[in-house]
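Peer 1: Sequence plus predicted model, see below.
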Amino acid sequence: MVSYLCNVANVSRSGYYNYLNTYKVREKREKIDLESKKIILKVFNRRGFKKGSRSIKLTLENEFDTIYSLKKIRRIMKKYSIICPFRKSNPYKKIAKATKEHSTVPNRLNREFKQGVPGKVLLTDITYLTYSKGKRAYLSKIKDGSTNEILSYYVSGSLNIDIVLNTINNLIRKHKSNLTKDAFIHSDQGVHYTSPIFQKLLKKKGLGQSMSRRGNCWDNAPQESFFGHFKDEVDTSSCKSIEDIKAKVKNYITYYNNYRYQWNLKKMTPVQYKNHLLAS
């Protein structure tokens, strides 16, 4: 019967059996891929935030005791159209030109973001968050340059000077004992940071100050990194009020500090890496 059907279909017996064997292999491989897809999707959406292949790999290893290669994860994601978030360029621009009473300070960081000392290099910046059909909220935050941990943040409905003053006050209230004696704030040359009011507060709190060179985005690159991840992984457009925005920011920062594994932190979360550095 097989010979007859092969003759009718104009295929060889060996070709038929080869197809039959490869079909079984393909069917088995598809079942394995579907199981892998199920596991990857579970991690992809874990804790409510979408992840890229590296974050998926680290979460699998740390929280599921499962090891997949990056090549396999990327193949499964591509095969089943699991789209990882891509960071967008940050549209935040300086809101005003500094007046004559505002003053800049030298760049004492010189892109040495990772100094291996928690509580020393404190990176700060502001971005805007769109919600409720075009309304804007503003997020100011301070990030530890060595550990990537978000140490302080403040969400406001306006861009007045209080947004950065409150961020500094929150930092001191929560982390004063964890800061080094030579800790300093590094920022761009935005009007908030050149303000004499802001600079006076830093001196009062015993913090030094450093600024990026004008027009040089690389001097403040890690700031853009966090904001880029936040905007890719958090949808604020569905928020109806500033309180909704605050809740989403708080939730994400908790996740980012404690559960978002990072490749360049020896595959640890920011808090894990901080503890690693302190124990070294």
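Peer 2: The structure has been received and is ready for your questions.
Peer 1: Does Arg136 belong to a helix, a strand or coil?
Peer 2: Three-state call for Arg136 (DSSP: H, G, I helix; E, B strand; the rest coil): strand.
Peer 1: And the closest residue to it other than its chain neighbours, how close does it get to Ile163?
Peer 2: The spatial neighbour of Arg136 that comes closest, neighbours along the chain excluded (CB to CB, 6 or more residues apart in numbering), is Tyr128 at 4.9 Å. All C-beta spots, glycine's among them, are computed from the backbone N, C-alpha and C. According to CB to CB, to the nearest Å, Tyr128 and Ile163 sit 11 Å apart.
Peer 1: same deal with Lys266?
Peer 2: Distance from Lys266 to Ile163, counting by CB to CB: 33 Å.
Peer 1: and the nearest residue to Leu123 once chain neighbours are set aside, which of the three is it?
Peer 2: When the adjacent residues along the chain are set aside, Leu123 lies closest to Lys143, with 4.6 Å between them (CB to CB, 6+ apart). With three-state DSSP as the basis, Lys143 sits in strand.
Peer 1: Near Lys143, how many other residues are there?
Peer 2: 26 (other CB atoms under 10 Å).
Peer 1: Let me know whether it touches Glu149 as I believe.
Peer 2: Yes - here Lys143 lies in contact with Glu149, judged by CB atoms under 8 Å, at a distance of 7.1 Å.
Peer 1: And the helix or strand containing Thr124, what's buried?
Peer 2: Taking DSSP states H and E as the criterion, the element that holds Thr124 is strand 121-131. Taking 16 or more other CB atoms under 10 Å as the basis for neighbour counts, the residues of strand 121-131 that come out buried are 121-129, 131.
Peer 1: now, the most widely separated pair of those?
Peer 2: Taking CB to CB as the measure, the buried residues of strand 121-131 reach their widest spread between Val121 and Tyr131, a distance of 31.2 Å.
Peer 1: sorry, back to before: go through the buried residues of strand 121-131 and name the one nearest Ser187.
Peer 2: The shortest approach to Ser187 among the buried residues of strand 121-131 belongs to Thr124, at 4.9 Å (CB to CB).
Peer 1: Next one: the closest one, what pLDDT does it get?
Peer 2: Predicted confidence (pLDDT) for Thr124: 93.
Peer 1: roughly how far out does the strand or helix carrying Leu34 sit from the chain middle?
Peer 2: Taking DSSP H and E as the definition, one finds Leu34 inside helix 13-44. Here the centre of helix 13-44 is set off from its chain's centre by 35 Å, with CA atoms, centre = their mean, to the nearest Å.
Peer 1: Which residues are in contact with Tyr154?
Peer 2: Remark: with contacts taken as CB atoms under 8 Å, 6 or more residues apart in numbering, Tyr154 is in contact with 139-141, 163-164, 166-167, 170.
Peer 1: which residues of the stretch 1-150 of the chain score low on pLDDT?
Peer 2: In the prediction, the stretch 1-150 of the chain carries residues with pLDDT under 70 at positions 2, 4-5, 8-9, 13, 16-17, 20-21, 23, 85-102, 108, 110-115.
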